[in-house]
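[1] Please work out how this folds:
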Amino acid sequence: MNDTSASAGAEAAGDRHSSVVFSTDAEWADHMVGFVRTGLRRDEQVQYFADTTDPGLVIRTLIDRGIDADSAVRRGRLVVTTAAETYLAGAAFDPDAMVGLWHEAVAAATAHGHAGLRAIGEMSWGARDVAGAERLLEYELRIHDEVFARLPLTAWCFYDRRLLPHDLLDVLAGAHVTRRGAHARPDRKPGLAVVPLADRPGLRLAGSAGYENRQVTASAAAALARTPARRVTLDLTDLDHLDAAALADLAHAALRRSSDAPVQVLGAPLALTRILELFPEFGSGLELAG
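    Predicted structure coming up:
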């Protein structure tokens, strides 16, 4: 293994899966060019999955910034394709299929002599009426442990602030351990945020889990139920409110897991212990700690 691939392998999974929020074409170009240049320098294969951007514009922008993109394409070091050919290739967006696709893509890249795989995916399709788009948050939460903790892969999820509703953008871009670009919006009140745990399989919920963000809770529950890890942690330390319906979603997800180990719950709010006293069947898949 050469020095670049060794350093990439040592890089934490959370650092290799980032959300990137931008508001202008110039910001898009700055993030994209720097990412591609780093990948080519490290002898990684670089793939770009365009959604609203013309693939030709990706190539032209790289050339204008001094990268020999045409040569990289000819040599297989750079691949520019579309979301329609990757994320949305099936009848509906399927997180399970995408997890498999990443494993196949990394295997193909390393088999062809690349040090690893580096990819950018434009995620603006998540705001459109696309079959399966409601599972995008589940996907973002799952791939931290199912993909990045296991593979020599670095990927940035591109979120264009001009194309996504603010609430959806906050949730999707926030579901990454590492966030780049213009995330902060002082005028936005926090709702429910869900992010993978950086140091172990599991999720952290912060804010309020109630009726107004039921879809966010459902996505977190789906990710919890499908994680292949035997031991999973649910950190509720920063959760201000958890209603009975949200708890039911999470508790049922814990019971649906293939592992016989209960989900360890950290920082359980007092309301949770009271709900479990009233509905003990919710707690059979949960283990309250601390």
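[2] Next, the contact list for the residue lying closest to residue 17 once chain neighbours are set aside, please.
    If the residues on either side of it in the chain are set aside, residue 17 comes closest to residue 148, at 4.5 Å by Cβ to Cβ, 6 or more residues apart in numbering. All C-beta atoms are positioned from the backbone trio N, CA, C, and that covers glycine. Listed by Cβ atoms under 8 Å, 6 or more residues apart in numbering, the contact partners of residue 148 are 13-14, 16-17, 155.
[3] with the residues you listed in mind, which one is nearest to residue 180?
    The shortest separation between residue 180 and any of the contacts of residue 148 is 11.1 Å, and it belongs to residue 17 (by Cβ to Cβ).
[4] Just to check, that closest one is in contact with residue 143?
    Yes. At 6.7 Å, residue 17 counts as touching residue 143 under the criterion of Cβ atoms under 8 Å.
[5] For the two, work out which one has more neighbours and name it.
    Using other Cβ atoms under 10 Å, the more surrounded residue of residue 17 and residue 143 is residue 143, with 26 against 23.
[6] Helix or strand for the more buried one, just tell me which one.
    In the assignment (DSSP states H and E), residue 143 maps to helix 136-143.
[7] Give the other helices and strands that that helix contacts.
    Packing contacts for helix 136-143, counted by 3 or more Cβ pairs under 8 Å, 6 or more residues apart in numbering; DSSP states H and E, involve helix 95-111, helix 166-174, strand 192-196, helix 214-226.
[8] Which residues belonging to the very next helix or strand once past the second one are considered buried?
    Where DSSP H and E defines the elements, the next helix or strand beyond helix 166-174 is strand 178-181. Going by neighbour count (16 or more other Cβ atoms under 10 Å), the buried part of strand 178-181 is 179-181.
[9] go on, stretch 193-213?
    Counting neighbours by 16+ other Cβ under 10 Å, one finds that the buried residues in stretch 193-213 are 193-197, 201-210, 213.
[10] picking that back up, looking at the buried residues of strand 178-181, which one is closest to residue 118?
    residue 180 (14.5 Å).
[11] follow-up on the earlier one: got a pLDDT number for the residue nearest to residue 17?
    The per-residue pLDDT reported for residue 148 equals 96.
[12] cool, residue 189 as well?
    Among the per-residue scores, residue 189 shows a pLDDT of 58.
[13] related to what we said a few turns ago, residue 268: which of the helices and strands packed on helix 136-143 is closest?
    With Cβ to Cβ, the closest approach to residue 268 among these belongs to helix 214-226: 15.1 Å.
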